[in-house]
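In: Just a sequence and a predicted model for now, questions to come.
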Amino acid sequence: MTNARRAASDRRTTTHRRRRSARKPVVASLAAVTLLAGAWYATAATLDLGGEGAGDGTTTAAEASATGSTEASASATATGTASASPSPTPTATPTATAKATAAAKATTGTLAVTSTAVTLSVKFPYLSAGYNNTREWTRTTTAVAPNGTLRVAWPASDGIHVTPLTAAGRRSAADTVVKGAKEVGGLVAHNDGFALLTRVADTNKWKETAAALVRYTNGKQTFATKLTGTASHDTAPLLDGQLTWNGTKYGTYFVVHGAGGFADGHFGDKLAYVSAKGAKLSGGWGWGCSHNEGIALHAEPTGAFTSLCFDDWRSGLFVSTGIGAPDTAPAVQREQCWAGYCGGTFAGRTGELVKSSTGRYATAFGSRGAASAAKNPDDASGRGWTVKPKTTTHQVSVAFLKTRNTPAGKPIYLTNTPGTEHVNVHIAPYGKDRLLVSWETLKNAKCASGTCTGTFTGTHLRLIDWNGKFQSTDKVVTARITGDIAIQKDGSLTWAYTPVTPSYASALTGASPTTTTLRIAHLKP
């Protein structure tokens, strides 16, 4: 849980275990956003009705990219992975060099990102203030429907916009605007519409929003199911959520705030299942990882959906599949997970959880490691842990699971540059048997209370196999990955991002800058 709304809630109760660092609420930024008159007016929709109209306002451009490696190649040796950049032979001929280059491209691919520009009907505030007001990308979510068409969800002052696109990333109709919705917590694209995990107005003791799953079919709302409320003694002042779909039911995983009952005033997480028609289903839990500093969820054909959470009480990343609370959950990695210190966990406090054809799983996160980890003797409950981190900065780590319930050894580190901060870490499947890991780097990092500022030095892409071995050197590209990645039918990866150069030199203390353009990136294995 990551913003000032949560911090404010913590101040309402003296029973909370730990104070939260203030985070500037996203809504403050959104309040300054005004409508932009243009050719592509979105079709306004309240939580009771909506629509999609026709229109096309896109352009196409190749994404310029440059190959480079600013990470220490020693990290490959340190983690037991293959060398990312072997030394060239001094006597190599041009012919031999050309053959080697061709062979490398055939093995790793070119990692060439292309993109399409989409004009927005209103301004999109593309930055959010994280712990200590650190700059974070405002979350967008890209999802692909069974027929190959795309949907992109993004917040604006008038609600959550869902933009329909062709498989090539061109606008196919006007936006559907979910009026009153406050956050993009997850998106599922259907052939005839979409389902959105979001927050809506509610009545409760904290005067906070409720989590809700909203479904639109052919431009009209078909259901809006509230997932928190008076009966369950919980609210959702923020989500940091994930939404998945297995073809018959939705899985919704998000942060909750206790509003009565045993957890009054505390923060935990909730996993709720919802049917295709909006009915609440059995399974999941009402109170799990507490406090949750990062959420991941993967839909399964049967049984419990696979889930991970970063818990600050037991300090680390845990497998919460089917059990919720991490008291008995397998530990994937011990981390110092106080407010701010787990700020490099999952991008936007959410994470990708990728499944292989053999049933293994992989996730990536920014890690400070654990120089030591032990139960906290001052915690009478016996549940608290104290972790001393190895590094001040976050390094890129990949963790594997043997099954949905069982970690597969220790996480593997892809970087080993203590003076460099690594943020916005993502992972996605790349072809049949490889993984794409991406991150942004900040050199000359200055860190305090778990968060760092520094000079932005690039968005990195790297390929690894399912053992964590390098399959490519780093490639630095101009595209950003600022939200959830969709996997298309041919295995291509696509996502929406704001075409601006990042700056992490200072905290975000005012309103977010805005844009009226998104780029839809495309990366084909």
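Out: Arrived safely.
In: Off-centre distance for stretch 213-226?
Out: 23 Å (CA atoms, centre = their mean, to the nearest Å).
In: typed the wrong thing, it's stretch 396-411
Out: For stretch 396-411, the distance to the chain centre is 18 Å (CA atoms, centre = their mean).
In: Which residues does it contact?
Out: For stretch 396-411, the surrounding residues in contact (CB atoms under 8 Å, 6 or more residues apart in numbering) are 298, 300, 303-304, 306, 317, 319, 321-322, 330-333, 359-367, 369, 412-415, 422, 425, 427, 435, 437, 439, 464, 466, 468. Quick note: C-beta positions are derived from backbone N, CA and C, even for glycine.
In: Let's see which of these end up in strands.
Out: If you go by DSSP state E, those have 298, 306, 317, 319, 331-333, 361-367, 412-413, 422, 425, 427, 435, 437, 439, 464 in strands.
In: Out of those residues, which end up buried?
Out: Neighbour-count burial within the ones in strands among the contacts of stretch 396-411 applies to 298, 306, 317, 319, 331-333, 361-367, 412-413, 422, 425, 427, 435, 437, 439, 464; the criterion is 16 or more other CB atoms under 10 Å.
In: got the CA positions of stretch 453-466 in CSV?
Out: In CSV, the C-alpha atoms belonging to stretch 453-466 read as follows (Å, rounded to 0.1, in the frame of the first residue of the first chain):
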residue,chain,number,x,y,z
THR,A,453,16.8,9.7,-6.6
GLY,A,454,19.4,9.8,-9.4
THR,A,455,20.1,10.4,-13.0
PHE,A,456,18.0,8.3,-15.4
THR,A,457,20.3,6.2,-17.7
GLY,A,458,17.9,4.1,-19.7
THR,A,459,15.2,1.4,-20.0
HIS,A,460,16.9,-1.9,-20.2
LEU,A,461,15.7,-5.1,-21.9
ARG,A,462,17.4,-8.5,-21.3
LEU,A,463,16.5,-12.1,-22.2
ILE,A,464,17.0,-15.0,-19.8
ASP,A,465,16.1,-18.6,-19.9
TRP,A,466,14.0,-20.5,-17.3
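In: Okay, buried residues for it please.
Out: So, applying 16+ other CB under 10 Å, buried residues of stretch 453-466: Thr453, Gly454, Phe456, Thr457, Gly458, Thr459, His460, Leu461, Arg462, Leu463, Ile464, Trp466.
In: Quick check: the two most widely separated of these?
Out: Thr453 and Trp466 (34.8 Å; CB to CB).
In: For the nearest residue to Phe365 once chain neighbours are set aside, give me its contacts.
Out: Leaving out its chain neighbours, the residue that sits closest to Phe365 by CB to CB, 6 or more residues apart in numbering is Thr345, at 4.9 Å. Shown in contact with Thr345 (CB under 8 Å, 6+ apart): Glu293, Gly294, Phe310, Leu317, Glu335, Cys337, Gly351, Phe365, Gly366.
In: What of Gly229?
Out: Asp202, Asn204, Ala210.
In: Output the below-cut-off pLDDT ranges for this protein.
Out: Applying pLDDT under 70 to the chain flags the ranges 1-109, 343-344.
In: what about the helices in the chain?
Out: Using DSSP state H, the helices of the chain run over 4-11, 26-30, 74-78, 94-108.
In: Any idea how far apart the tips of stretch 117-133 sit?
Out: The first and last residues of stretch 117-133 sit 29 Å apart, counting by CA to CA, to the nearest Å.
In: roughly how far is it from the heart of the chain?
Out: Distance, centroid of stretch 117-133 to centroid of chain: 15 Å (CA atoms, centre = their mean).
In: what's the answer for stretch 219-233, then?
Out: 23 Å.
In: same deal with stretch 497-506?
Out: Using CA atoms, centre = their mean, the offset of stretch 497-506 from its chain centre is 17 Å.
In: who's in contact with that stretch?
Out: By CB under 8 Å, 6+ apart, stretch 497-506 touches 115, 117, 124, 126, 134-135, 137, 140, 421, 423, 440, 442, 452-456, 479-483, 513, 515, 517-519, 521.
In: Can I get the buried part of these as one PyMOL selection?
Out: Here is the PyMOL command that selects the buried residues among the contacts of stretch 497-506 (16+ other CB under 10 Å):
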select buried, resi 115+117+124+126+134+135+137+140+421+423+440+442+452+453+454+456+479+480+481+482+483+518+519+521
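In: Could you tell me which of the contacts of stretch 497-506 are located in strands?
Out: Counting by DSSP E, the contacts of stretch 497-506 contribute 115, 117, 124, 135, 137, 140, 421, 423, 440, 442, 452-456, 483, 515, 517-519, 521 to strands.
In: Wait, Ala153 touches His161, no?
Out: Yes. Taking contacts as CB atoms under 8 Å, Ala153 lies within contact range of His161: 7.0 Å.
In: Same drill for the two, tell me which one is more crowded.
Out: Under the neighbour definition other CB atoms under 10 Å, Ala153 and His161 were set side by side, and Ala153 has more, 31 against 24.
In: how about the more buried one, what does it touch?
Out: With CB under 8 Å, 6+ apart, Ala153 has these contacts: Thr140, Thr141, Ala143, Ile160, His161, Val162, Thr163, Val184, Leu187, Phe194, Leu196.
In: Check the gap between it and Gly303 for me.
Out: According to CB to CB, to the nearest Å, Ala153 stands 28 Å off from Gly303.
In: need the strands for the stretch 51-200 of the chain, in chain order.
Out: For the stretch 51-200 of the chain, the strands defined by DSSP state E, counting those that start in this stretch occupy 58-62, 65-67, 113-125, 127-129, 135-137, 140-144, 150-156, 159-165, 176-178, 186-190, 193-200.
In: pull the CA atoms of the last one into PDB?
Out: Coordinates of the C-alpha atoms in strand 193-200 are reproduced here as PDB (Å, rounded to 0.1, in the frame of the first residue of the first chain):
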ATOM      1  CA  GLY A 193     -16.000  -5.300 -24.100                       C
ATOM      2  CA  PHE A 194     -13.900  -5.500 -21.000                       C
ATOM      3  CA  ALA A 195     -13.900  -6.000 -17.200                       C
ATOM      4  CA  LEU A 196     -12.200  -3.400 -15.000                       C
ATOM      5  CA  LEU A 197     -11.100  -3.700 -11.400                       C
ATOM      6  CA  THR A 198     -11.400  -0.200  -9.900                       C
ATOM      7  CA  ARG A 199     -12.600   1.900  -6.900                       C
ATOM      8  CA  VAL A 200     -16.000   3.600  -6.600                       C
END
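In: relative to strand 159-165, how tilted is it?
Out: 160 degrees (axes from the mean of the first three to the mean of the last three CA atoms, to 10 degrees).
In: Tell me the gap between strand 193-200 and the middle of its chain.
Out: That offset, for strand 193-200, works out to 16 Å (CA atoms, centre = their mean).
In: Name the residues of that strand that come out as buried.
Out: So, applying 16+ other CB under 10 Å, buried residues of strand 193-200: Gly193, Phe194, Ala195, Leu196, Leu197, Thr198, Arg199, Val200.
In: Report the contact partners of the fifth one.
Out: In other words, Leu197. 184-187, 211-213, 239, 241-243, 252, 254.
In: Return the closest of the residues you listed with respect to Thr176.
Out: Leu187 (11.6 Å).
In: Next, count neighbours for the closest one.
Out: Neighbours around Leu187, by other CB under 10 Å: 25.
In: so how far is Asp234 from the spatially closest residue to Asp264 that is not a sequence neighbour?
Out: Leaving aside its chain neighbours, Asp264 sits nearest to Gly258 (4.8 Å; criterion: CB to CB, 6+ apart). To Asp234, Gly258 is 6 Å away according to CB to CB.
In: ok, these two, which is more surrounded?
Out: The neighbour count for Gly258 versus Asp234, taken as other CB under 10 Å, is higher for Asp234 (28 against 25).
In: Next, the contact list for Lys355, please.
Out: By CB under 8 Å, 6+ apart, the residues touching Lys355 are His298, Thr306, Tyr361.
In: How about Gly303?
Out: Gly322, Arg404.
In: and the end-to-end length of stretch 195-210?
Out: 16 Å.
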